[in-house]
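# just coords:
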C-alpha cells in the first residue's frame, strides 16, 4: 500500500472530518433555503465539471454546488485534473500510488484506469508534483459525496491542451467515469476588474469557444479548461454555469479578489 498523503489539510480545507462535514452542511443549508434551486439541481446529470481550488472558506461553496450535482450521476471513478502551482515540469503527471488520504478516510486510486492512462498516453509519475492543492482540495468533497468511488489524480505544468484532450475523451468514454477540471479564474484585481475578466472566461465556457479564452481569461487552469471545452464541443456536450462568485463574497475585501466558477457538462 502506498498513499498520496495530504499536504494542505488544515490550511486550504479543514483537517478534521467533523469540520469538513460541518462546512458542507453549511453550504447545503444555504442552497436548501431556495426550493427553486433545489428543484433545478435535482434534474441535472453530467459526468464532467469545472470547479475552483482556493481555500474552502472562499471557493468551497462554489465547488460544493458542482459536487452535489455530480453525485446525481453516481460515478464509480473520478479523474481529477489540475495545474501545478509549486513544481515545474514538462507535460502531465499521473499519481501512481494506491490510496489518497483525506480527513474523511482514504480514497482508493483506480489501479486499472491509472495503468491504462499511463500506458496509452505515456504519462509519467513525478512524485514531487503530487503535493498539489488544486487537486487535493477536491478529494474531501469526493469522499463526502461518493465515499466508495475510486480516483485518479493528474497534475500538469508545462503542457498544452492537446496533451489533455485525448485523456479527457478517453475517460468520458468509459462507463461510470467522471472528470473534474480544477481552476480558479482571475487573481488579485479589484472586484470590477475581476468581474470583467471573469466574464470573458464564462462567456467562452458558455459558448464552448476555446478561442475566446485567449481574449482575456486569466484562469490559472486554462489549459485544462480549454481541453475540456474542445472535448465538449467534439462530443456535443452542453454545459451550465452553476455558480460564480469572488473571494469578496467571503472576505468583503473588494480591492484584491480571486474569481471562482463551477460548471457542469452534460
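The structure has been received and is ready for your questions. Note that the structure is predicted; figures quoted are calculated from it, not measured.
# can you pull out the helices in the stretch 51-200 of the chain?
Taking DSSP state H, counting those that start in this stretch as the criterion, the stretch 51-200 of the chain carries its helices at 56-70, 111-121, 133-136, 139-145, 161-173, 191-207.
# show me what the longest one is in contact with.
Going back to what we said before, that points to helix 191-207. Counting by C-beta atoms under 8 Å, 6 or more residues apart in numbering, the neighbours of helix 191-207 from elsewhere in the structure are 50, 185-186, 189, 209-213, 215-219, 225, 229, 239, 241, 244, 246, 248, 254-255, 257-259, 261, 263. In short, each C-beta sits where N, CA and C put it, glycine included.
# recalculate using a threshold of 7 Å.
Helix 191-207 is contacted from outside by 185-186, 189, 210, 212-213, 215-219, 225, 229, 239, 241, 244, 246, 248, 254, 257, 259, 261, 263, using C-beta atoms under 7 Å, 6 or more residues apart in numbering.
# pLDDT score for residue 35?
Listed pLDDT for residue 35 reads 88.
# how close does it sit to residue 66?
When C-beta to C-beta, to the nearest Å is applied, the distance between residue 35 and residue 66 equals 20 Å.
# now for the helix or strand bottoming out on mean pLDDT in the chain, which elements pack on it?
For the chain, using mean pLDDT, DSSP states H and E, the weakest element among its helices and strands is helix 35-41, scoring a mean of 87. Judged by 3 or more C-beta pairs under 7 Å, 6 or more residues apart in numbering; DSSP states H and E, helix 35-41 is in contact with no other helix or strand.
# which parts of that helix are buried?
Within helix 35-41, the residues that qualify as buried by neighbour count (16 or more other C-beta atoms under 10 Å) are residue 41.
# could you do stretch 209-222 as well?
Residues of stretch 209-222 classed as buried by neighbour count (16+ other C-beta under 10 Å): 210, 212-213, 217-222.
# okay, now residue 148: neighbour count?
When neighbours are defined as other C-beta atoms under 10 Å, residue 148 has 8 of them.
# dump the residue contacts of it.
Contacts were defined as C-beta under 7 Å, 6+ apart; by that measure residue 148 touches no other residue.
# please report how far it lies from residue 142.
Between residue 148 and residue 142 the distance, using C-beta to C-beta, works out to 11 Å.
# just want the most central residue of the protein.
Residue closest to the mean C-alpha point of the chain, counted by C-alpha atoms, centre = their mean, is residue 182 at 3.1 Å.
# what's the burial count for the residue lying closest to that one once chain neighbours are set aside?
Spatial nearest neighbour of residue 182, excluding adjacent residues (C-beta to C-beta, 6 or more residues apart in numbering): residue 82 at 3.6 Å. For residue 82, the number of neighbouring residues by other C-beta under 10 Å comes to 25.
# can I assume residue 82 is in contact with residue 132?
Yes. With contacts counted by C-beta atoms under 7 Å, residue 82 reaches residue 132, the gap being 6.1 Å.
# quick one: residue 169 and residue 231 touch, right?
Yes. Under the contact definition of C-beta under 7 Å, residue 169 touches residue 231, with a separation of 5.1 Å.
# more neighbours, these two?
When residue 169 and residue 231 are compared on other C-beta under 10 Å, the one with more neighbours turns out to be residue 231, at 24 against 15.
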